[in-house]
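> please work out how this folds:
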Amino acid sequence: MKHSSSSSASNNISSIKDNCHRNQRSMSLGGPAHESLLSKPHSQQPAQTIELSRGESGDYVVLVVENSRFIVNPARLITKSDTMLGRMFAMRARNAGASNVSVMSNNGCNDVVNGILDLVRPNDQNEYDVAEGISAPCFRVIMDYYHRGIMNCPPLVSVSELREACDYLMVPFNVNTVKCQDLRSLLHEISNEGARGQFNVFLEEIILPQLVIAAERGERECHIVVLMDEDVVDWDEEYPPQIGGEDVPQVVYSTPLYKFFKYAENRDVAKQVLKDREMKKIRLGMEGYPTHKERIKRRFNRTEVMYNYVQRPFLHSSWEKEEARSRHVDFACPIVKSKSNPSLASAASDPLPQVFFHFLTFFKFYIDVAVNFNFKLE
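Numbers count the residues shown, from 1 in each chain. Predicted coordinates for the structure are as follows:
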């Protein structure tokens, strides 16, 4: 979702988002959520004008979204100061006088004022293109938040689309602000947000200490198995279980983290959080982990210990920066000098030893004897 303003306006919008108490899931220009919205095919409806509100003195602004024009009282937008539209038009109101300044000194003040005004610069028709990529029906639902404080999501607008649009426009998305018939989708979006916050807690308190332990050993990746608090690991000292793979897993005991990783959706959220934290080679899933021995088999001179395996979540991640260099190995072929022949050239010029001529003479004599013997038999 891009605005028609200049690049300085995009930087100012980013600073607004940083100061707002929104989570890291809010869309950024060029981000995956932003690209997903832009790629969604929206039906091209005929141009229409929807009048939502006007000021007491007739003040209004025209917001252009998709192929629709929304007439809105700017005071309604300014009252929601924590949202993107609220802050943008609040700046417009505060800097209305500064827009009339034609020439200023070359001390940089002119650039600052123009950068602020670029956030809400209208087009040639004095209309504001505010949300390219958001469908008009979805934006109509969001406008309900500015007028009534509640967004009623119709069946034609998906909850996920509304969620992404709310993240971009910095509109709060929760059970108090969104009402819809599709409770499953609504709860799914709320669970994703809750899972993100909960995993950040698990990451700082449980997972990060294990990553630090691996890093202090000089390793560049870590494999963590999550066991329940009541799990008991009792391995035979003489016959420990054979754990496949190159990685020696690190074990953490946490029933809450185990329950969190049971759901595939939570694992997807956790993987995205780790990607946002610049981790690589991320794998999340369930695997068997040996806890205690069940029985011992003795066959001839071999002894096999059978272990009990339980399905537990695992997390694997890497912080290696130069993977290509780690896979590359420099092979060196040492030059071994012969004691008798210092080089191949000199070796080729040296005469053959006398023993070699004796061997040729004996070999010729053996061939002659064999031929004569076969001739006599015939």
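
> confirm Asn200 sits in a helix?
Yes: assessed with DSSP: H, G, I helix; E, B strand; the rest coil, Asn200 lies in a helix.

> do you know the pLDDT at it?
As predicted, Asn200 sits at a pLDDT of 97.

> flag every buried residue along stretch 313-323.
Counting neighbours by 16 or more other C-beta atoms under 10 Å, one finds that the buried residues in stretch 313-323 are 313-319. From N, CA and C alone the C-beta is placed, and that goes for glycine too.

> scratch that, stretch 62-81
Of the residues in stretch 62-81, 62-66, 68-70, 72-78, 80 count as buried by neighbour count, 16+ other C-beta under 10 Å.

> now intersect those with the strands, please.
62-65, 68-70, 72 (DSSP state E).

> which is the next helix or strand following the longest strand seen in the chain?
Across the chain, the longest stretch assigned as strand under DSSP E is strand 280-299. Moving toward the C-terminus from strand 280-299, the first helix or strand encountered (DSSP states H and E) is strand 302-318.

> against which helices or strands is that following strand packed?
Judged by 3 or more C-beta pairs under 8 Å, 6 or more residues apart in numbering; DSSP states H and E, the packing partners of strand 302-318 are strand 221-227, helix 255-261, helix 264-276, strand 280-299.

> circling back: next, format the ones in strands among the buried residues of stretch 62-81 as CSV and append distance to Gly149 and pLDDT.
Output for these, formatted as CSV (distance: C-beta to C-beta, whole Å; pLDDT from 0 to 100):
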residue, distance to Gly149, pLDDT
Val62, 23, 89
Leu63, 19, 90
Val64, 24, 88
Val65, 20, 87
Ser68, 22, 87
Arg69, 24, 88
Phe70, 18, 90
Val72, 15, 89
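
> looking at the residues you listed, which is nearest Gln242?
The shortest distance between Gln242 and any of those, using C-beta to C-beta, involves Val65 and amounts to 61.1 Å.

> ok now do that closest one, which residues does it touch?
Contacts here follow C-beta atoms under 8 Å, 6 or more residues apart in numbering; on that basis Val65 touches 129-132, 134-136, 139.

> spatially nearest residue to it, not counting backbone neighbours?
Phe139 (4.3 Å; C-beta to C-beta, 6 or more residues apart in numbering).

> distance of the one you found from Asn67?
Going from Phe139 to Asn67 by C-beta to C-beta, to the nearest Å gives 11 Å.

> what's the answer for Ala136, then?
According to C-beta to C-beta, Ala136 stands 7 Å off from Asn67.

> now do the end-to-end distance for stretch 295-305.
The straight-line separation of the ends of stretch 295-305 (C-alpha to C-alpha, to the nearest Å) is 6 Å.

> which residues are contacting it?
The list of residues contacting stretch 295-305 from outside it, by C-beta under 8 Å, 6+ apart, reads 236, 239, 241, 293, 306.

> and the helices in the chain?
With DSSP state H, the ranges of helices along the chain come out as 7-19, 32-39, 74-79, 84-94, 109-117, 136-148, 159-169, 183-202, 208-216, 255-261, 264-276, 323-327, 344-349, 354-377.

> low-confidence stretches in the stretch 201-350 of the chain?
Judged by pLDDT under 70, the stretch 201-350 of the chain has its weakly predicted residues at 244-247, 323-350.

> again, only this time at 80
Scanning the stretch 201-350 of the chain for pLDDT under 80 picks out the ranges 242-248, 296-304, 322-350.

> quick revisit: quick one: the longest strand of the chain to strand 302-318, angle?
Strand 280-299 and strand 302-318 are oriented at 170 degrees to each other (axes from the mean of the first three to the mean of the last three C-alpha atoms, to 10 degrees).
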